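Engineer: take a look and give me a structure for this.
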Amino acid sequence: MTVQPRREPAFGRRASARALAPALPSWKAAGALALLCSGVAWASLPGPAELRSDEQMQWQALGIAPLSIGGATGLRMNATEAVEPIEFAPKRAVAADAAPVPEKPVQTATGPLRIRGRVGDGLYWSLRAAGASPDVAAQYLAALATEIDVGEVAPGDSFDLVLGGGNLLYAGLSRAAAQPMQLVRWTAGGQAKWIDAAGFRVSSAPDAETALEILAETAPDHLSSAGHLRLEHRQASLEELGALADPPLTKDAIAGRIRRLLALADKRARDLGIPDTEAAVTPEMMVS
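Structural biologist: Numbering: from 1, shown residues only. All right, here's what the predicted structure looks like:
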């Protein structure tokens, strides 16, 4: 067996880098070191100064806080060296409680109430928008239904209502495509009925007879023929009267001729100073 001689490191020769490199700390050691440094820094900060209870109240008075959590804004502050004593301090006078003023009762209208307006998208809702109650609007529609089909009322037509005691007393309707209506509630014998005040004189034979007597020969032929037609058929409606004319006329046409006949007679009566055609109409005729 041969013994190998031991080699000694040469002086000045560089040792391996792995052998000479210092050992690096692990991540756990680095975290512990950072935590230790932060704890030392936090402990070195100055602590809050202790305030007396009166000083705390003064700071609270300077701040603004909700009353619900005990806000004390406006507390009296402690006097400083700048405060000087005074001999007399005036006190604020407190006003005595004033006597309660009695409330005035609200005065409600007791007389007739008038509602006017123009028809929009629908007659019922136009009445409601003008201030009519549902009951009054229903009364108005029922009154119109005695003379016309309510569906014929067009946008732009004007309505006029008069109320008394919560009941409808007058129902007016101005239409662009037809004659106006003026329906008046008339009560006789315990029964109420609606009468067209605008068309009653047109359909009244005594009115036509009086008009022909006033005008005599001065009446235009087409108006005179309409008046004589009314006298010959006293019970006929305006629609039936128009059908009897030669040539036939519509309800509005025959009504317009009779209305112009009455207007001419009334004007001549005023010029002559004699009673006009309205003197021929009595209340008994309106409820007959």
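Engineer: tell me where the stretch 151-288 of the chain has strands.
Structural biologist: 158-164, 167-174, 181-188, 191-196 (DSSP state E, counting those that start in this stretch).
Engineer: can I get those strands in TSV with distance to Thr210 and mean neighbour count?
Structural biologist: (C-beta placed from N, C-alpha, C; glycine too.) Converted to TSV, those look like this (distance: least, C-beta to C-beta, whole Å; neighbours: other C-beta atoms under 10 Å):
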stretch	distance to Thr210	mean neighbour count
strand 158-164	29	18
strand 167-174	26	19
strand 181-188	21	16
strand 191-196	19	14
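Engineer: okay if I get those strands as a markdown table plus distance to Glu239 and mean pLDDT?
Structural biologist: A markdown table is the format used below for these (distance: least, C-beta to C-beta, whole Å; pLDDT from 0 to 100):
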| stretch | distance to Glu239 | mean pLDDT |
| --- | --- | --- |
| strand 158-164 | 24 | 92 |
| strand 167-174 | 18 | 89 |
| strand 181-188 | 15 | 79 |
| strand 191-196 | 14 | 77 |
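Engineer: for Gln60, which of the ones you listed is the nearest?
Structural biologist: Closest approach to Gln60 among those (C-beta to C-beta): strand 158-164, 64.9 Å.
Engineer: pull up the pairing partners for the closest one, direction included.
Structural biologist: strand 113-118 (antiparallel), strand 167-174 (antiparallel) (DSSP bridges).
Engineer: mind checking which of these is nearest Arg52?
Structural biologist: strand 113-118 (74.4 Å).
Engineer: with distance to Ile214 added, can I get the strands paired with strand 158-164 in CSV?
Structural biologist: Putting the strands paired with strand 158-164 into CSV (distance: least, C-beta to C-beta, whole Å) gives the following:
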stretch, distance to Ile214
strand 113-118, 34
strand 167-174, 28
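Engineer: which of those strands sits closest to Ala211?
Structural biologist: strand 167-174 (24.5 Å).
Engineer: just checking, Ala245 touches Lys251?
Structural biologist: No - applying C-beta atoms under 8 Å, one finds Ala245 not in contact with Lys251, separated by 10.9 Å.
Engineer: circling back to that earlier point, to Leu141, which of the strands paired with strand 158-164 lies closest?
Structural biologist: Closest among these, using C-beta to C-beta: strand 167-174, at 9.1 Å.
Engineer: how far is that closest one from where the chain is centred?
Structural biologist: 24 Å (C-alpha atoms, centre = their mean, to the nearest Å).
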